[in-house]
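The sequence and its predicted three-dimensional model are supplied below.
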Amino acid sequence: MIAWRWLVVIACVYADGSQVQSGCKLSAEQQPEILTLLQVETAIQPSKNVSGTLEPHVRSSEDGNGGHAKFEWWLLLFRVSLLTLAMILAHGWLFRPWKSVFVLLIPLGTAAFAAFSACGSGLPDSRGRMNLVVFEKSCSVAAWTVLLTLLTSMCVASAPEEAAWPLSGVRRFLRQFRNFRLSVWPQVVLYMALAVSILEGVLGDLTHQCYLNAVTGLCLVVCLPLPGAGLFQYPSEWIRKYDMAAMQAELQGLDLSDEDLRPRISDWYVCLMETKTGRRFADMCCRLPVSWVWLYTSWNALFLFDISALNGWTLAVLLAPLLESQRTLCLLQSHGVALIPWMNSHWLQVRAFSLWLWLVLNGCFHPLFGNISSPSDWFELTPHDEDQARRMWGAFNLAWAILHLGWFWHRIYRLNQLSQAETEQRSMPKDSLASG
């Protein structure tokens, strides 16, 4: 390569010198030789990317017919659809009705991930230090393992005896802890885990100077519904209209008055479900606004795009909870279950399961998920285009977050007003009787 460059330079210098000295032009036989050398030198010279490393220039490659190679969209759509469908089937057909089995499979899957990571890139390097990327991924898998294990254990403890087959002993062991099944502290742990995971992404956005998306993440945390009824209480009219008491497993079978029932209705609850074959099981639900769910998905996608982790596989992991939770809501509505409009109660469970499943599969079978394209390849984005996309996407997320923030707290204000009006209306007859 260096020899070709020197030959081209010498030929050009010699040609320029001869033109200056004699003032005559190159002959018709010498011009094709110099052009040929320039074409060969350009063809064999490797292209450089932004970081200065030598890599083949993919976008300017030509196919056999002399045209530019096009991005194969059908392959991307096939991969995204295949992984999304696999996660939907894994959650709907395996995880939901067989949670007692997954109480044991979740720690085993995490152990398998740790074993494969230790046998691969997780081994100490030449300086005796562990791979930092694998260490961070292991911590992420461990955190989501604890979250999903707690979520699954709550469902198994609240489900009937038949739902725990073939591991009925797991249910009997969990039901010994009455506070675990009836108290609010497991829901508080789930709330804190979700908030901490969002704050971790906020720190990543600040590190990469994506400040607009970082503010969006803070708005998501502020708009999270709190466990229990400390922030607001649903009015009795809403409780009867949407049959909220029947939704919560710990309130089923209890004869409570409206005054005793209102403080016990929470947006975080375990709901008893039933399959077509009559098998009953429990799901962990959280009443999240649909706008919050879609905003979280957009915020997380921009976070992955900012750290160059958004690809076809991670896009499928983001789409699976949206589609599966919406499918569950459609099934409930088809069976006549009254649901609060614009609320998605089943998204959190699907999100926790699909993310944990992806982390374990990617850790154990990483070669199967390699060589995947990114949005820069999909739309042929330059580094300048990527910066523009980050800024515009971040501004869109922030505007959406501000609108949702105003709507969320206005909704809480309205619910508090309705609850206060109901309390005053019930106290009026008592006051009139006392005065009489």
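It's in.

quick one: residue 282 and residue 252, what's the gap?
Residue 282 is 11 Å from residue 252, where distance means Cβ to Cβ, to the nearest Å. For the C-beta atoms, the positions are set from N, CA and C on the backbone; glycine is no exception.

and what of residue 103?
According to Cβ to Cβ, residue 103 and residue 252 sit 22 Å apart.

what's the answer for residue 238, then?
For residue 238, the distance to residue 252 - Cβ to Cβ - is 18 Å.

quick one: which of those two has more around it?
Neighbour totals were compared for residue 238 and residue 252, and residue 238 leads with 16 against 12 (other Cβ atoms under 10 Å).

What are the buried residues along the host helix or strand of that one?
Element membership of residue 238 [criterion: DSSP states H and E] is helix 236-241. Buried residues in helix 236-241, counted by 16 or more other Cβ atoms under 10 Å: 236, 238, 239.

pLDDT of whichever helix or strand comes after it, averaged?
Counting by DSSP H and E, the next helix or strand C-terminal to helix 236-241 is helix 244-247. In this model, helix 244-247 carries a mean pLDDT of 88.

And the helix or strand following helix 244-247, what does it pack against?
Per DSSP H and E, the first helix or strand lying C-terminal to helix 244-247 is helix 258-261. The contact analysis (3 or more Cβ pairs under 8 Å, 6 or more residues apart in numbering; DSSP states H and E) places helix 258-261 against helix 236-241.

let's see 10 Å
helix 236-241, helix 244-247, helix 383-435 (3 or more Cβ pairs under 10 Å, 6 or more residues apart in numbering; DSSP states H and E).

Mind putting those helices into a markdown table with distance to residue 261?
Converted to a markdown table, those look like this (distance: least, Cβ to Cβ, whole Å):
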| stretch | distance to residue 261 |
| --- | --- |
| helix 236-241 | 6 |
| helix 244-247 | 6 |
| helix 383-435 | 12 |
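
Looking at these, spot the one closest to residue 109.
Residue 109 lies closest to helix 244-247 among the helices and strands packed on helix 258-261, at 30.1 Å (Cβ to Cβ).

mind listing what's buried in the closest one?
244, 245, 247.

Give me the distance between that helix and the centre of its chain.
Put simply, helix 244-247 sits 29 Å off its chain's centre (Cα atoms, centre = their mean, to the nearest Å).

same question, stretch 210-217
Averaging C-alpha positions (Cα atoms, centre = their mean) puts stretch 210-217 16 Å from its chain's average.

Quick one: mean pLDDT for that stretch?
When pLDDT is averaged along stretch 210-217, the result is 96.

got it, and stretch 296-311?
On average, stretch 296-311 scores 92.

Pull out the buried residues from it.
Buried residues in stretch 296-311, counted by 16+ other Cβ under 10 Å: 296-306, 310-311.

Closest one to residue 399 out of these, please.
Nearest member of the buried residues of stretch 296-311 to residue 399, counting by Cβ to Cβ, is residue 298, at 11.3 Å.

pretty sure the closest one contacts residue 310?
No - judged on Cβ atoms under 10 Å, residue 298 makes no contact with residue 310 at a distance of 11.6 Å.

Need the residues touching each of those two.
Any residue near both residue 298 and residue 310 by Cβ atoms under 10 Å, 6 or more residues apart in numbering counts here, and that gives residue 318.

where's the closest residue to residue 263 other than its chain neighbours relative to residue 239, distance?
Leaving aside its sequence neighbours, residue 263 sits nearest to residue 229 (Cβ to Cβ, 6 or more residues apart in numbering; 5.0 Å). Residue 229 sits 11 Å away from residue 239, going by Cβ to Cβ.

Tell me the helix or strand right after the strand or helix carrying residue 146.
According to DSSP H and E, residue 146 maps onto helix 132-158. Counting by DSSP H and E, the next helix or strand C-terminal to helix 132-158 is helix 168-174.
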